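Chemist: Need coordinates for the following:
(one chain, ligands or ions: 1)
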Amino acid sequence: MTRIFSGIKPTGHMTLGNYLGALRQWSEVDQHRADSLFCVVDLHALTVDHDPARLRRLSRQGASLLLAAGLDPGVCTVFVQSHVDEHARLAFVMECVATDGEMRRMIQYKEKSVRAQASGQSVRLSLLTYPALMAADILVYGADEVPVGEDQAQHVELTRDLAERFNHRYGHTFVVPRAVVPKVAARVMDLQDPASKMGKSHDATAGIIYLLDEPATIGKKIRRAVTDSEAGVTYEPETRPGVANLLEILSACTGKEPSALADAYQGSGALKADTADAVVELLRPLQARHAELSADPGYVDGVLREGAARARALARPTVDAAYRAIGLMPPA
Ligand code: AQP
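Modeler: Residues are numbered from 1 along each chain as shown. Got it, this is the predicted structure:
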């Protein structure tokens, strides 16, 4: 059976981008067609400036939102990365297979290191080595597929290279995974800055729809979305990115093609109103389920405990095999 692994970083409150680019696909499709593992990748959240108490809160909220989005612990495995030691054990081996140049070429490293420096923070070494940990996350489970938004596809490509290199040098150990990028809403853009993606850790929040935003807040943010001064509504992502972003969000909510949707609108006001309504309706069941889960923290803890136990049992033999293959002496 195909195995799937994917994860989400608790670096901020989850966004509509996370939902449309990842969570929805995981819950509606992936968990039902494959042996799937979904993870709150909290170690990755340590690669940028963080507050320990907030990280703990966001990790718990992240796990709860995965369940609220429809992940069913009866059919898939949901857990927190730091509860399974094998990720960190394999990450160091991956650092020994990767090169400094490969890590520095990663677009996310370039963007995030520039952002950290611009806000006066130093760049953590782990931000550079992050893709080695991500490779470990995937390879440790022998995942065949990694569903990700477009922004993470480069890291999965690197994971493939590292797996192939390791297998070639030390003997076949890892499954070589492939990225699966959803066709619709692969990259949801910031409503105030349609040239940048909607990212949960960004400081300017006016263009970001968080999954737990109140309906009125969602409406306000979408009504204030930046569009352009051209008349009418057309789907032209290159020249009209703000309008295209709204059409893609509405398309993701309705299942209709963005260009077909564009034909139905005379102006961006009506497009915004319909997009706001569609997003509110899309998120309503998730928000209701999250409220229920928040009232039952023991349930979420139990799911995470069982998830980590299953993940550990799958991961350990792979890491042991990798350690043996690379020449580390097994314990007596
Ligand atoms: N704007 C987006 N559009 C589509 N997909 C997105 N994803 C993230 N933002 C968008 C997808 O969500 C999954 C989990 O993302 P992540 O937490 O691992 O990290 P990220 O890609 O770096 O997401 P963020 O929200 O932008 O976090 P920060 O601000 O911390 O960098 C991934 O599959 C991702 O592609």
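
Chemist: Touching, Asp151 and Met106? I think so.
Modeler: No. The criterion here is C-beta atoms under 8 Å, and Asp151 misses it with Met106 at 10.8 Å. The way it works is simple: take the backbone N, C-alpha and C, and place the C-beta from them, glycine included.

Chemist: who has more neighbours, these two?
Modeler: Taking neighbours as other C-beta atoms under 10 Å, Asp151 and Met106 compare with Met106 leading, 20 against 17.

Chemist: Spit out the contact partners of that one.
Modeler: Going by C-beta atoms under 8 Å, 6 or more residues apart in numbering, Met106 touches 130-131, 154-155, 158.

Chemist: State the pLDDT value of it.
Modeler: Turning to Met106, the model gives it a pLDDT of 96.

Chemist: Renumber starting at 20 from here on
Modeler: OK, 20 is where the count begins now, so the last one is Met125.

Chemist: rewinding a little: by neighbours, which of the contacts of Met125 wins?
Modeler: Pro150 (27 neighbours).

Chemist: What separation do you get for that residue and Leu62?
Modeler: Distance, Pro150 to Leu62, using C-beta to C-beta, to the nearest Å: 13 Å.

Chemist: Same question for Tyr342.
Modeler: Per C-beta to C-beta, Tyr342 is found 19 Å from Leu62.

Chemist: With Glu249 instead?
Modeler: Applying C-beta to C-beta to Glu249 and Leu62 gives a distance of 45 Å.

Chemist: Settle it for me: which of these two has more neighbours?
Modeler: Using other C-beta under 10 Å as the criterion, Glu249 and Leu62 rank with Leu62 on top: 21 against 12.

Chemist: and the more buried one, what does it touch?
Modeler: By C-beta under 8 Å, 6+ apart, Leu62 lies in contact with 100-101, 106-107, 152.

Chemist: and the chain, which residues reach the ligand?
Modeler: Residues of the chain found near the ligand (C-beta under 6 Å from any ligand atom) are 27-28, 30-31, 34, 36-37, 40-41, 167-168, 170-171, 206-207, 216-221.

Chemist: got the buried residues for the lengthiest helix in the chain?
Modeler: In the chain, taking DSSP state H as the definition, the longest helix is helix 316-345. By neighbour count on 16 or more other C-beta atoms under 10 Å, the buried set for helix 316-345 is 319, 322-323, 326-327, 329-330, 333-334, 337-338, 341-342, 344.

Chemist: tell me the average confidence for that helix?
Modeler: 97.

Chemist: gap between that helix and the chain center?
Modeler: 20 Å (C-alpha atoms, centre = their mean, to the nearest Å).

Chemist: likewise stretch 155-169?
Modeler: 12 Å.

Chemist: Not counting residues beside it along the chain, what's closest to the residue in the chain positioned nearest to the ligand?
Modeler: Residue nearest to the ligand within the chain: Gly40 (1.9 Å; C-beta to the nearest ligand atom). Counting by C-beta to C-beta, 6 or more residues apart in numbering, Gly40 lies nearest to Gly168, which is 3.4 Å off, once chain neighbours are set aside.

Chemist: Likewise for Arg197?
Modeler: Nearest non-adjacent residue to Arg197, counting by C-beta to C-beta, 6+ apart: Glu164, 6.0 Å away.

Chemist: Report the contact partners of the one you found.
Modeler: 21-23, 49, 53, 196-199.

Chemist: same thing but at 10 Å, please
Modeler: Counting by C-beta atoms under 10 Å, 6 or more residues apart in numbering, Glu164 touches 21-25, 49, 52-53, 55, 157, 175, 194, 196-199.

Chemist: For beta bridges, what are the partners of it?
Modeler: Ile23, Arg197 (DSSP bridges).

Chemist: what's the pLDDT at it?
Modeler: 97.

Chemist: same question for stretch 244-251, mean pLDDT?
Modeler: So the average pLDDT for stretch 244-251 ends up being 92.

Chemist: cool, and stretch 221-233?
Modeler: Mean predicted confidence for stretch 221-233 is 94.

Chemist: how far out from the middle of the chain is it?
Modeler: 16 Å.

Chemist: tell me how far the ends of it are from each other?
Modeler: 19 Å (C-alpha to C-alpha, to the nearest Å).

Chemist: buried ones in that stretch?
Modeler: Applying 16+ other C-beta under 10 Å to stretch 221-233 flags 221, 224, 226-232 as buried.

Chemist: buried subset of the contacts of Glu164?
Modeler: 22-25, 49, 53, 55, 157, 175, 194, 196, 198-199.

Chemist: Serialize the buried residues of stretch 221-233 to a markdown table and add fields for secondary structure.
Modeler: Formatted as a markdown table, those follow (DSSP: H, G, I helix; E, B strand; the rest coil):
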| residue | secondary structure |
| --- | --- |
| His221 | coil |
| Thr224 | coil |
| Gly226 | coil |
| Ile227 | coil |
| Ile228 | coil |
| Tyr229 | strand |
| Leu230 | coil |
| Leu231 | coil |
| Asp232 | coil |
